[in-house]
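Colleague: Okay, structure incoming, though there's no sequence with it:
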């Protein structure tokens with residue numbers, strides 16, 4: 001383990017806004033901009049109760065529980081701080097008596113392989129049923145007719161369920177982390193690079209694939225009915241399609257399929273870790289856009305899936321060919337099979353927890369907001385997201401005015417959008433940058449090094465060449481399409497190169513029509529890189545500033561093998 005006291009750099013001020021440091025202990029941590037999860041100015045309610053981090057000792061105990069449960073020598077707590085309107089989080093280094101460091105490391109290395117080996121049974125038999133129950137329980141409440149105090153009690157129950165869900169989340173994370181780490185180490189020892197490992201470590205069956213297949217089946221139904229197909233091909237305006245579709249003869253089955261999709265797969269938003277973005281359940285426009293795009297391109301799900309599985313099969317054969325020793329090959333096969341068996345957990349835990357629980361919470365808070373509107377407390381149900389936990393409780397059960405706060409905070413969030421955030425603040429130590437595992441998985445060491453090199457060279461930052469992290473190999477030239485807001489995703493055209501801050505599973509429907517992907521954030525094992533490899537889309541992640549330098553309509557070249565993006569016209 002690297003020295004937690006070896007300082008690589010510090011950054012305590014910003015000339016654009018004041019930073020208040022609580023104490024020297026807070027300044028001693030590395031506060032990193034979590035653009036992989038929360039790339040936009042954060043809402044007051046989400047920051048107060050939504051995050052996995054600990055805020056003022058009241059929330060986030062489920063994350064500290066992770067470190068405690070596993071005796072993990074990778075941290076003590078995960079805390080957050082709002083700087084300039086954005087979320088910055090920090091991992092507190094582990095503290096342990098010197099005589100226990102060795103034994104606890106032995107404990108961790110002995111129990112984690114067992115978690116990895118047995119986790120899928122626990123996931124399927126215990127955790128998924130429990131998570132489904134919680135999702136249903138969050139919304140199975142008479143928000144319209146219950147009193148505000150009764151609704152507040154249900155809100156507390158919702159928050160308890162969210163904490164329970166995230167305890168499950170952290171068990172998942174470390175179990176899968178162990179399986180993936182064991183395979184990665186064994187594969188690299190055999191001579192594999194990150195690209196080959198990425199092609200192998202894809203999921204053969206998960207809720208992402210299920211969602212894509214359901215959309216494709218709707219596309220097939222549309223194409224089966226000539227009048228329906230004509231409607232979907234006649235316009236790019238999904239509002240027009242949604243308005244007219246019920247009047248098309250033979251549309252009944254499609255509409256039934258769309259309603260089933262909305263109920264099963266609609267609890268997702270374009271930015272998962274936030275409450276302010278509407279879900280597909282509330283507004284199915286993105287689902288209609290996906291079906292429309294599939295009709296226009298004649299998308300073939302089976303072909304896409306088969307190509308991904310064939311790529312994985314060939315990559316596995318290539319890896320096994322690198323090993324001649326039978327014992328080493330048997331060990332490698334064991335680690336590979338376990339890692340691939342765990343691969344569905346990445347999209348599935350997102351489907352049920354990050355995406356599912358948060359989306360159900362969003363819908364529930366909108367309904368609480370509607371009750372507050374009926375009581376004259378708020379003007380709009382969505383205003384609830386501009387309030388904090390105690391402010392909601394105070395306003396619902398007492399004479400506590402909040403309308404002015406809502407207006408002020410909305411204005412503050414809009415002003416924040418005009419200030420691009422810095423990558424980090426505080427104290428970057430060798431441990432924080434290189435040994436804290438989550439930052440390594442998300443590509444922060446590479447981004448930190450790039451920033452330091454730019455600072456040391458004092459050279460003018462290029463406006464035409466961006467260096468990032470290879471996500472998926474291949475070189476592609478094309479027209480860039482910048483997406484800075486979820487509403488803009490529908491406007492991405494067939495063959496364009498998607499440029500964005502990050503992606504999550506709700507963006508997967510776009511991967512079938514883009515020719516390449518460029519993101520500000522992420523590492524080789526982050527969501528955009530993993531999904532790009534599944535779809536065979538050249539990808540560069542972790543560029544840090546692609547969304548600042550590239551405009552829609554720019555002609556760019558993406559080299560997913562070298563991790564370089566060039567603006568060429």
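Modeller: Received it, and whenever you're ready, just let me know what you need. Quick caveat: nothing in here was measured; it's all calculated off a predicted structure. Numbering: from 1, shown residues only.
Colleague: Just give me the neighbour total for residue 334.
Modeller: By other CB atoms under 10 Å, 14 other residues sit near residue 334. Just so you know, the C-beta spots here come from the backbone N, C-alpha and C atoms, and that holds for glycine as well.
Colleague: What are the phi and psi values at it?
Modeller: phi -60, psi -50 (degrees, to the nearest 10).
Colleague: Now do it, the pLDDT please.
Modeller: With respect to pLDDT, residue 334 scores 93.
Colleague: Enumerate the positions of stretch 18-25 that are buried.
Modeller: residue 19 (16 or more other CB atoms under 10 Å).
Colleague: again, but for stretch 77-85
Modeller: Those would be 77, 78, 79, 80, 81, 83, 84, 85, for stretch 77-85 by 16+ other CB under 10 Å.
Colleague: Return the member of those residues nearest to residue 185.
Modeller: For the buried residues of stretch 77-85, the closest approach to residue 185 (CB to CB) belongs to residue 78, at 24.9 Å.
Colleague: after the longest strand anywhere in the chain, next one along is what?
Modeller: Of all the segments of type strand in the chain, defined by DSSP state E, the longest one is strand 475-483. Per DSSP states H and E, the first helix or strand lying C-terminal to strand 475-483 is strand 497-500.
Colleague: Now do the helix or strand just after that following strand: which elements does it pack against?
Modeller: Proceeding N to C from strand 497-500, the next assigned helix or strand is strand 516-519, under DSSP H and E. When contacts are defined as 3 or more CB pairs under 8 Å, 6 or more residues apart in numbering; DSSP states H and E, strand 516-519 sits against strand 469-472, strand 475-483, strand 497-500, helix 527-535, strand 539-541, strand 555-559.
Colleague: Now do the first one: everything it contacts.
Modeller: For strand 469-472, the surrounding residues in contact (CB atoms under 8 Å, 6 or more residues apart in numbering) are 194-195, 198, 443, 446, 517, 519, 522-524, 528-529, 532-533, 536-542, 560-563.
Colleague: Distance of the spatially most central residue of the chain relative to residue 404?
Modeller: With distances taken as CA atoms, centre = their mean, the residue of the chain nearest its centroid is residue 504 (4.3 Å). Here the distance between residue 504 and residue 404 works out to 34 Å (CB to CB, to the nearest Å).
Colleague: and if you look at residue 295?
Modeller: To residue 404, residue 295 is 48 Å away according to CB to CB.
Colleague: who's more crowded, those two?
Modeller: Shown here are residue 295 and residue 404; by other CB under 10 Å, residue 295 has more neighbours (19 against 8).
Colleague: Make sure that one is indeed in a helix.
Modeller: Yes. Assessed with DSSP: H, G, I helix; E, B strand; the rest coil, residue 295 lies in a helix.
Colleague: Residue 234 versus that one, what's the distance?
Modeller: With distances taken as CB to CB, residue 295 is found 11 Å from residue 234.
Colleague: just the buried members of the contacts of strand 469-472?
Modeller: Among these, the ones that count as buried by 16+ other CB under 10 Å are 194-195, 198, 443, 446, 517, 519, 522-524, 528-529, 532-533, 536-542, 560, 563.
Colleague: Tell me the strands beside the helix or strand harbouring residue 91, with direction?
Modeller: For residue 91, the host element (DSSP H and E) is strand 86-92. Paired strands of strand 86-92, with direction, are strand 30-33 (antiparallel), strand 77-83 (antiparallel) (DSSP bridges).
Colleague: Compare the mean pLDDT across those strands and name the weakest.
Modeller: strand 77-83 (a mean of 91).
Colleague: Where does pLDDT dip in this structure?
Modeller: 1-4, 55-62, 486-487 (pLDDT under 70).
Colleague: State which helix of it is the longest.
Modeller: Across the chain, the longest stretch assigned as helix under DSSP state H is helix 148-189.
Colleague: Distance of residue 162 relative to residue 449?
Modeller: Here residue 162 is placed at a distance of 36 Å from residue 449 (CB to CB).
Colleague: the more surrounded of those two?
Modeller: With neighbours defined as other CB under 10 Å, residue 162 and residue 449 compare such that residue 162 has more, 21 against 13.
Colleague: Let me see the contact set for that one.
Modeller: Contacts of residue 162 by CB under 8 Å, 6+ apart are 49, 357, 361.
Colleague: Now, the residues you listed that are in helices?
Modeller: Reading helices off those with DSSP H, I get 357, 361.
Colleague: ok, and the most crowded of the contacts of residue 162?
Modeller: Within these, most neighbours by other CB under 10 Å means residue 361, with 25 neighbours.
Colleague: Identify the residues contacting that residue.
Modeller: 50, 138, 158, 162, 275.
Colleague: again, only using 7 Å
Modeller: Residue 361 is in contact with 138, 158, 162, 275, counting by CB atoms under 7 Å, 6 or more residues apart in numbering.
Colleague: quick one: it from residue 519, how far?
Modeller: As for residue 361, its distance to residue 519 is 26 Å (criterion: CB to CB).
Colleague: do the same with residue 472
Modeller: Residue 472 is 12 Å from residue 519, by CB to CB.
Colleague: same check, this time on residue 268
Modeller: 19 Å.
Colleague: Tally up the residues packed near the nearest residue to residue 316 once chain neighbours are set aside, please.
Modeller: Nearest residue to residue 316, sequence neighbours excluded (CB to CB, 6 or more residues apart in numbering): residue 200, at 5.7 Å. Residues lying near residue 200 (other CB under 10 Å) number 23.
Colleague: again, but for residue 12
Modeller: The number of residues packed near residue 12 is 10, by other CB under 10 Å.
Colleague: cool, and residue 76?
Modeller: With other CB under 10 Å as criterion, residue 76 counts 16.
Colleague: which residues pair with the nearest residue to it once chain neighbours are set aside across the strands?
Modeller: Nearest residue to residue 76, sequence neighbours excluded (CB to CB, 6+ apart): residue 92, at 4.4 Å. Beta-bridge pairing of residue 92, defined through DSSP bridges, involves residue 77.
Colleague: which residues touch residue 92?
Modeller: Taking CB under 7 Å, 6+ apart as the definition, contacts of residue 92 comprise 29, 75, 76, 77, 79.
Colleague: quick one: it from residue 107, how far?
Modeller: According to CB to CB, residue 92 and residue 107 sit 20 Å apart.
Colleague: Same question for residue 564.
Modeller: With CB to CB as the criterion, residue 564 and residue 107 are 43 Å apart.
Colleague: Near residue 525, how many residues? Count them for me, please.
Modeller: With other CB under 10 Å as criterion, residue 525 counts 21.
Colleague: mind checking the SS state of it?
Modeller: Following three-state DSSP, the label given to residue 525 is coil.
Colleague: Next up, the contacts around residue 205.
Modeller: Taking CB under 7 Å, 6+ apart as the criterion, residue 205 is in contact with residue 344.
Colleague: Looks to me like it is in a strand.
Modeller: No. Counting by three-state DSSP, residue 205 falls outside a strand, being coil.
Colleague: Next one: it from residue 294, what distance?
Modeller: The gap separating residue 205 from residue 294 is 21 Å, by CB to CB.
Colleague: do residue 374 as well
Modeller: 41 Å.
Colleague: Show me which of these two is the more surrounded one.
Modeller: residue 294 (24 against 12).
Colleague: residues contacting that one?
Modeller: Residue 294 touches 215, 216, 219, counting by CB under 7 Å, 6+ apart.
Colleague: Not counting its own residues, what contacts the helix or strand hosting the first one?
Modeller: Under the criterion DSSP H and E, the helix or strand holding residue 215 is helix 207-224. Judged by CB under 7 Å, 6+ apart, the contacts made with helix 207-224 from elsewhere in the structure are 228-229, 232, 253-254, 257-258, 261, 265, 287, 290-291, 294-295, 299, 301, 305, 347-348, 351, 505, 508-509.
Colleague: I'm done for today, thanks for sticking with me.
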